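S.K.: requesting a structural model of the entry that follows:
(chains A, B, C and D)
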2 protein chains.
Amino acid sequence: MIIVKKHDLLRKELIKQFYYGKRLTLTELSKLTHKSLPLVTNTVNSLVEEGYVQEHGLAPSTGGRRALSFLLSDQLQRYIVAVAIDQLVTQVVIYDMMNKIMITPESTEITLFKDDPAVLTEITGFIKNYIVRSGIPAHQILGVGIGMPGFVNAVEGINYTFLKPDGDTSLKKHLATELGLPVFIDNDSSLIALAELKFGVAKDLKDVLVVNVGWGIGLGMVVNGSLFRGHTGYAGEFSHIPLSATNKICSCGKRGCLEVDTSLLVMIERAKAEMNNGTSSSMEKLYKKKGELPADEFLQAARAGDPLAVSIISDAAFLIGKGIATLIHIMNPGLIVLSGSGAIAGKILMAPIQQAINEFCIPWLAEQTEIEVSQLAADAKLLGSATLVIENCNFN
Amino acid sequence: MIIVKKHDLLRKELIKQFYYGKRLTLTELSKLTHKSLPLVTNTVNSLVEEGYVQEHGLAPSTGGRRALSFLLSDQLQRYIVAVAIDQLVTQVVIYDMMNKIMITPESTEITLFKDDPAVLTEITGFIKNYIVRSGIPAHQILGVGIGMPGFVNAVEGINYTFLKPDGDTSLKKHLATELGLPVFIDNDSSLIALAELKFGVAKDLKDVLVVNVGWGIGLGMVVNGSLFRGHTGYAGEFSHIPLSATNKICSCGKRGCLEVDTSLLVMIERAKAEMNNGTSSSMEKLYKKKGELPADEFLQAARAGDPLAVSIISDAAFLIGKGIATLIHIMNPGLIVLSGSGAIAGKILMAPIQQAINEFCIPWLAEQTEIEVSQLAADAKLLGSATLVIENCNFN
DNA sequence: ATAAACTTTATAATTTTTTTAAAAACTTTT
DNA sequence: AAAAGTTTTTAAAAAAATTATAAAGTTTAT
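M.R.: Okay, the predicted model is just below:
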């Protein structure tokens, strides 16, 4: 039988608040957790005794008696392993509880293919190796958070699209036994939204949609201040809504999907094709030399103002904007965030998106929604994975 | 100063549960309200003393001691005025607390036009007259619930599209002073969704979308078991998402809106045009005689299998289905309900909608969502208005 | 400048609510 | 028909939220 401490739930909630809010007073904590001050006071005191939390002087005056402030103890040796898997690259990093990078991040090029057991072995080995080399003992690691594309059931810990382990075990369980650590997995777009909600422009907002511009177009939804997953966990399948007029067939087998014309993969293919057709571009030299065009270089060229890259991104962005117009009508969000690795080209995305919104949105509705580019951008992925651990681990 | 009774919140919640659940035991109420049994027991007892609730024998056995059951007192003389306003007709009815019709419903043909103060006066007079003639004293009326199309801010009680009163007062306040009763207003599609959630096929479900098939196509959204309104209250503006390939300009000024091809108004216009062009139909006789084609007759003809009506509805339904495919991708709902007055033609709608879903949805996602036709259909509107009163009034 | 008035936080006392335990009422099984 | 098992009801104990009071710090007025 597992004995659960009395204040355990509030204890967890308080640690989370310290993780998100850094330096907090008892009154603030009471409001954030919707618990009474005496109860919060007692629980924080026991957290201080435990060594988890420490006093940190008086908070700035607000016109009356100054409050004591608290934060997570700097003696606290607890770390989080954050993993971001995408179609081509797997990244891993170890953060401390202040979201400071403890161990230099590493990445490896592993292409995600359906039903190939070797890929899972490779990724597992990569993560395990990184953790072992970090030298951090297992009892100081709160857990491993993993974000990945595909239809992910976060509760069951199953990815129905990629990395299916042999037998009837779930990916989560499989990794947990392989790594000897608690493992939590979720859809990459959901985690990016979580990162934006806790640390980004969406902080403390209630109704936000986060568009993940990356290899595909993903969507993470925040409803009533928390992640919305839908009836069975697959809400936000934005990239396959019927929008485009093209006849190209999507990987999902349907026609007209948003993804066909807006994924970074397609954009790069188009750039290469145009260069092969003789269109000149600053990317030419690199492309001719390597025979490839990495996404980073493509985005970099666009930021530097390369006409070809800018024009390709603009075309895609207009279609994304048409999709966003649909989202605004249905969800009436307060804010839409452009995030994910593609958000580095945020400024270029904004104009055509705004144009599409003007064309396809009822003005009255469009007015109610702000559109912003993420500050976190490429960091959102890993930060989201870390947040997933904090949201689900047990802090012992 | 207003003195608020201690148990007031729980008291209200319990009365609501009795309204929705009819006959309930203390244990059931405890679970429904998430309050402890002793507390619920005390509060129900005081409700019995008050005369609001009465004991009603033992509940059916569940294998142990049989529980006492309670229901709203049959001596309780409390009534609800439910009003449903649409583009052409305004209906009103008085229900008792068992949703039984107390006074024969009445309706009047008042066309809703923007910024014409006479319309508001007319509608106000119609409602007032109905209430006065009912002979029910004001103190027995819990409130007046009104559902109407347009951009409605339910909290402020303002309809930004229709029925704007002179001066800086809100529609809600204006009607409340005119009628001398508490008034609550909301968007018609939201109220239809509320009716389906509390009394229809969506009862007790968590993630449901209710499509209001009527003069336009509306959408009421249920997220996490309660009505979702979005950041500023206008979520579910389904009918103006960019979908259709036609070039017809919508009333909103944009092209490609779902509404252009799917509203009942447009369907009837098309039927009339086809008949003028010589297409034979069972509706011909009536149309020639009246020079008009009422919606009821059109829907009736479709149900009776008239080929013209069926074909027109089927074409519209396919487009609605395309819109529903988008909704399934974004929201991943457990259930989509076809409701509103057009749901009478539910069987005819189903086939083309299902076809569109097959064509535009990822099969894996489509599997997770049920599509059902409402049982309430035309009653949903007024039932929703009544529910709005129950959700917001003070039961005194 | 200094004291009074006002704010805000911290702690103690009280009340409310929940949790746990025990008793009562009814079913089902042996 | 009695015993064992359920479920509801009532009672006692524990936990938590309110309310009240005290303490600490700011601002305002003299």
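
S.K.: so, low pLDDT: which residues of the stretch 151-300 of chain A?
M.R.: A:245-246 (pLDDT under 70).

S.K.: what about A:T177, how many residues close to it?
M.R.: Counted with other CB atoms under 10 Å in any protein chain shown, residues neighbouring A:T177 total 11. Backbone N, C-alpha and C define where each C-beta goes, glycine included.

S.K.: how about A:F184?
M.R.: By the criterion of other CB under 10 Å, A:F184 has 22 neighbours.

S.K.: likewise A:E50?
M.R.: Residues near A:E50, counting by other CB under 10 Å, number 12.

S.K.: mind checking how far it is from A:G150?
M.R.: 39 Å (CB to CB, to the nearest Å).

S.K.: then A:G63?
M.R.: 52 Å.

S.K.: of the two, who's got more company?
M.R.: A:G150 (19 against 5).

S.K.: hang on, the more buried one in a helix?
M.R.: No - A:G150: not assigned to a helix; according to DSSP: H, G, I helix; E, B strand; the rest coil it is coil.

S.K.: and the closest residue in space to it that isn't next to it in sequence, its phi and psi?
M.R.: Excluding the flanking residues, the one nearest A:G150 by CB to CB, 6 or more residues apart in numbering or on different chains is A:T161, at 3.0 Å. Main-chain torsions, A:T161, degrees, to the nearest 10: phi -100, psi -50.

S.K.: what's the answer for A:G51, then?
M.R.: Here is the backbone geometry of A:G51 (degrees, to the nearest 10): phi 90, psi 10.

S.K.: residue in the stretch 51-200 of chain A nearest to chain B?
M.R.: Relative to chain B, the nearest point of the stretch 51-200 of chain A is A:F151 (6.8 Å; CB to the nearest CB).

S.K.: surely that residue touches A:T161?
M.R.: Yes - with contact defined as CB atoms under 8 Å, A:F151 reaches A:T161; the gap is 5.1 Å.

S.K.: spell out the secondary structure type for A:A356.
M.R.: At A:A356, secondary structure determined by three-state DSSP is helix.

S.K.: per-residue confidence for it?
M.R.: We note a pLDDT of 94 for A:A356 in this prediction.

S.K.: one more: A:A304?
M.R.: In this prediction, A:A304 carries a pLDDT score of 90.

S.K.: pull up the residues of the stretch 151-300 of chain A that are close to chain B.
M.R.: By CB under 8 Å from any CB of the partner chain, the residues of the stretch 151-300 of chain A that approach chain B are A:151, A:160, A:206-207, A:219, A:223-224, A:228-238, A:240-243, A:245, A:252, A:254, A:256.

S.K.: contact partners for A:F318?
M.R.: Applying CB atoms under 8 Å, 6 or more residues apart in numbering or on different chains to A:F318 gives the contacts A:P352, A:I353, A:Q355, A:A356.

S.K.: just the helices in the stretch 201-350 of chain A please.
M.R.: Using DSSP state H, counting those that start in this stretch, the helices assigned to the stretch 201-350 of chain A run over residues A:259-262, A:264-276, A:284-290, A:295-303, A:307-331, A:346-360.

S.K.: quick one: residues contacting the closest residue to the residue of the stretch 51-200 of chain A closest to chain B other than its chain neighbours.
M.R.: Of all residues not flanking A:F151 in the chain, A:Y160 sits nearest, at 4.3 Å (CB to CB, 6+ apart). Residues in contact with A:Y160 (CB under 8 Å, 6+ apart) are A:G150, A:F151, A:V152, A:N153, B:W364.

S.K.: ditto for A:L365
M.R.: A:L365 sits next to A:I328, A:H329, A:N332, B:Y234, B:E237 when contact means CB under 8 Å, 6+ apart.

S.K.: which residues touch the first one?
M.R.: With contact set as CB under 8 Å, 6+ apart, A:I328 has these partners: A:I336, A:I357, A:C361, A:L365, A:A366, A:Q368, A:T369.

S.K.: if we use 7 Å, what do you get?
M.R.: A:C361, A:L365, A:A366, A:T369 (CB atoms under 7 Å, 6 or more residues apart in numbering or on different chains).

S.K.: that one: what's its closest spatial neighbour, skipping adjacent residues?
M.R.: Using CB to CB, 6+ apart, the nearest residue to A:I328 is A:T369, at 5.1 Å.

S.K.: can you tell me how far the one you found is from A:R229?
M.R.: According to CB to CB, A:T369 and A:R229 sit 22 Å apart.

S.K.: buried subset of the contacts of A:F318, written for PyMOL?
M.R.: To isolate the buried members of those in PyMOL, using 16 or more other CB atoms under 10 Å in any protein chain shown:
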select buried, chain A and resi 352+353+356
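
S.K.: wait, the residue of the stretch 51-200 of chain A closest to chain B touches A:F162, no?
M.R.: No - using CB atoms under 7 Å, A:F151 is not in contact with A:F162, being 9.1 Å away.

S.K.: the stretch 51-200 of chain A against DNA strand C: which residues are in contact?
M.R.: Proximity of the stretch 51-200 of chain A to DNA strand C, by CB under 7 Å from any atom of the strand, involves residues A:T62, A:G63, A:G64, A:R65, A:R66, A:A67, A:L68.

S.K.: quick one, what contacts A:E284?
M.R.: The contact partners of A:E284, by CB under 7 Å, 6+ apart, come to A:M275.

S.K.: again, only this time at 10 Å
M.R.: Neighbour list for A:E284: A:A271, A:M275, A:G278, A:L293, A:A301, A:D306, A:L308 [criterion: CB atoms under 10 Å, 6 or more residues apart in numbering or on different chains].

S.K.: burial of the first one, as a residue count?
M.R.: I take that to be A:A271. Residues lying near A:A271 (other CB under 10 Å) number 26.
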